[in-house]
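> sequence-free structure coming up:
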């Protein structure tokens with residue numbers, strides 16, 4: 001078969017230019033995607049974030065979104081709108097979007113806001129194991145976190161130690177027969193008003209058993225024994241020869257020495273790993289006085305926290321102050337004044353209202369469960385006090401500004417920055433992240 005010369009030339013030209021023509025057509029079908037705006041520009045975890053723009057397509061699998069490098073769940077995609085859910089602990093940073101593997105040049109910023117949620121507890125007093133809000137507590141008072149993310153909660157009126165997994169599953173770790181005193185395994189052990197709790201390096205849980213005036217030790221398998229104390233009173237000594245008067249808060253240092261807020265004795269006691277009890281600070285007189293060791297005065301100390309240098313911080317409840325004790329026993333006042341109130345500001349002007357549990361942030365700030373102010377307060381390295389969250393009696397989950405607590409009693413901070421709050425009169429464990 002033969003083509004006319006001009007016809008053959010035309011055919012060759014068509015074949016040569018065909019790829020260019022089709023390429024142009026493909027470009028027209030898939031124009032470059034672009035971002036115009038995001039809404040909202042700030043919010044907590046779970047916020048529905050809308051990314052507005054053009055040429056996104058409609059296939060979720062072809063879209064990737066990260067917030068501050070944390071992957072966000074994509075719930076829907078249209079050609080001009082992408083909807084994602086802000087992940088937990090996203091932090092503040094750029095919203096990076098890829099469409100069909102191509103990163104878009106526009107990277108708007110999103111501000112992550114911390115929020116308060118209910119981690120466990122229905123809010124109704126009771127004794128029920130279960131997942132999250134299906135569980136029930138009765139005036140929980142203390143909290144400790146192990147290395148795998150499990151929480152141990154002292155359930156004060158129930159006389160039990162509850163365990164909460166990182167997923168929020170609540171079980172009974174020790175004590176289930178009601179208030180009393182009994183050493184023994186798991187649910188056969190009995191406590192009366194268990195308060196503060198800490199874990200040592202071996203995973204043993206130490207509990208200030210307030211009404212029993214003892215410090216109890218619970219091994220990882222749940223077996224409870226008496227570590228120190230026996231009767232109400234004051235006496236230094238070894239193990240059960242020592243006496244306490246309503247011990248409440250408890251802390252542990254890097255060498256596994258225990259420090260106990262011996263509430264009714266108005267003292268801070270120290271217990272070595274061998275069980276020897278001594279008086280670390282406090283004269284025993286209900287008073288406010290800075291000084292060294294037994295020359296200092298406390299009035300119903302409740303909460304304790306200890307920093308890596310061995311400084312002990314005290315929620316000096318009836319003095320409405322936060323105190324500090326150096327390893328040498330020197331007691332000073334960090335913040336607060338000897339009268340109840342609710343005032344933020346410099347350390348000498350700030351007011352608390354029965355501060356209890358304490359926790360230390362990674363920057364050295366002190367987080368305070370300010371019980372009768374229904375709030376979490378924050379004290380910086382210079383003693384300046386601000387309100388971190390909470391402002392009046394109530395229960396409300398939400399951003400720090402709007403969240404409400406009923407009676408925060410203790411506080412714990414996880415290595416990833418998550419804050420857990422024991423909300424005693426709300427019968428709940430709250431979570432801030």
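Thanks, I have it. As the structure is a prediction and not an experimental result, all values here were calculated from the model. Numbering: from 1, shown residues only.
> Run through this protein and note the low-pLDDT ranges.
For the chain, applying pLDDT under 70 flags the ranges 1-30.
> looking at it, residue 365 is touching residue 377, isn't it?
No: using CB atoms under 8 Å, residue 365 makes no contact with residue 377, being 10.2 Å away. The way it works is simple: take the backbone N, C-alpha and C, and place the C-beta from them, glycine included.
> Can you pick out the residue with more neighbours from those two?
Looking at residue 365 and residue 377 with other CB atoms under 10 Å, you find the greater number of neighbours at residue 377, namely 27 against 17.
> Sticking with that one, tell me its helix or strand.
According to DSSP states H and E, residue 377 maps onto strand 375-379.
> Tell me which residues of that strand come out buried.
375-379 (16 or more other CB atoms under 10 Å).
> swap in stretch 124-141?
So for stretch 124-141, counting by 16+ other CB under 10 Å, buried means 127, 132, 135-141.
> hang on, the earlier thing: by contact count, what packs against the strand holding residue 377?
strand 366-370, strand 385-389, strand 408-413 (3 or more CB pairs under 8 Å, 6 or more residues apart in numbering; DSSP states H and E).
> Would you mind giving these as CSV with distance to residue 35 added?
Listed next are the helices and strands packed on strand 375-379 as CSV, based on distance: least, CB to CB, whole Å:
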stretch, distance to residue 35
strand 366-370, 38
strand 385-389, 33
strand 408-413, 36
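> of all these, which lies closest to residue 337?
Smallest distance to residue 337 across the helices and strands packed on strand 375-379 (CB to CB): 10.7 Å, for strand 385-389.
> Show me how far the closest one is from its chain's centre.
Distance of strand 385-389 from the chain centroid (CA atoms, centre = their mean, to the nearest Å) equals 15 Å.
> Could you do stretch 286-302 as well?
29 Å.
> got the end-to-end distance for it?
Counting by CA to CA, to the nearest Å, you get 13 Å between the two ends of stretch 286-302.
> List the buried residues of it.
By 16+ other CB under 10 Å, the buried positions in stretch 286-302 come out as 288, 293, 296-302.
> Inside strands: which ones of those?
301-302 (DSSP state E).
> tell me the two of the buried residues of stretch 286-302 that are most distant?
Maximum distance among these (CB to CB): 20.2 Å, for 293 and 302.
> Look up the closest residue to residue 397, ignoring the ones flanking it.
Distances taken as CB to CB, 6 or more residues apart in numbering place residue 117 nearest to residue 397, at 5.0 Å, with adjacent residues excluded.
> what sits against the one you found?
Applying CB atoms under 8 Å, 6 or more residues apart in numbering to residue 117 gives the contacts 397, 430-432.
> If we use 10 Å, what do you get?
If you count contacts by CB atoms under 10 Å, 6 or more residues apart in numbering, residue 117 has them with 44-46, 88, 132, 397-398, 403, 430-433.
> Strand 385-389 and the helix or strand where it lies, what's the angle between them?
Applying DSSP H and E as the criterion places residue 117 in strand 115-120. Angle of strand 115-120 versus strand 385-389, following axes from the mean of the first three to the mean of the last three CA atoms, to 10 degrees, is 60 degrees.
> Can you give the distance of the following helix or strand past strand 115-120 from its chain's centre?
Going down the chain from strand 115-120, the next helix or strand is strand 130-131, by DSSP H and E. Its chain's average C-alpha position is 19 Å from that of strand 130-131, according to CA atoms, centre = their mean.
> Sheet-wise, list the partners of strand 130-131 with their directions.
strand 169-174 (antiparallel) (DSSP bridges).
> so what's residue 317 closest to, chain neighbours aside?
Nearest to residue 317 is residue 302, by CB to CB, 6+ apart, at 4.3 Å.
> Residue 370 is in contact with the one you found, correct?
No: counting by CB atoms under 10 Å, residue 302 does not reach residue 370; the two are 11.6 Å apart.
> shared neighbours of the two, anything?
315, 354-357.
> can you pull out the helices in the chain?
Listed in chain order, the helices of the chain (DSSP state H) span 5-29.
> show me what contacts residue 89?
45, 68, 70, 112, 114, 416-418, 433.
> Same check on residue 325?
Contacts of residue 325 (CB under 10 Å, 6+ apart): 259, 268, 280-282, 292-293, 296, 298, 304, 306, 310-314, 331-332.
> circling back to that earlier point, any idea which of the buried residues of stretch 124-141 is closest to residue 251?
Ranked by distance to residue 251 (CB to CB), the buried residues of stretch 124-141 are led by residue 141 at 15.1 Å.
> do you know how far the residue nearest to residue 120 when sequence neighbours are not counted is from residue 197?
Distances taken as CB to CB, 6+ apart place residue 429 nearest to residue 120, at 4.5 Å, with adjacent residues excluded. As defined by CB to CB, to the nearest Å, residue 429 lies at a distance of 13 Å from residue 197.
> Can you work out which residues contact both of the two?
143, 151, 153, 410, 412.
> List the contacts of stretch 39-49.
So stretch 39-49 is contacted by 38, 50-52, 65, 67, 72-73, 75-76, 82-90, 92, 95, 108-117, 397-400, 433 (CB under 10 Å, 6+ apart).
> Now do the buried residues in it.
43-45, 47, 49.
> Over to stretch 257-277?
Buried-residue list, stretch 257-277, by 16+ other CB under 10 Å: 257-271, 275-277.
> okay if I get the helices and strands packed on strand 375-379 as CSV plus mean neighbour count?
Formatted as CSV, these follow (neighbours: other CB atoms under 10 Å):
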stretch, mean neighbour count
strand 366-370, 27
strand 385-389, 20
strand 408-413, 26
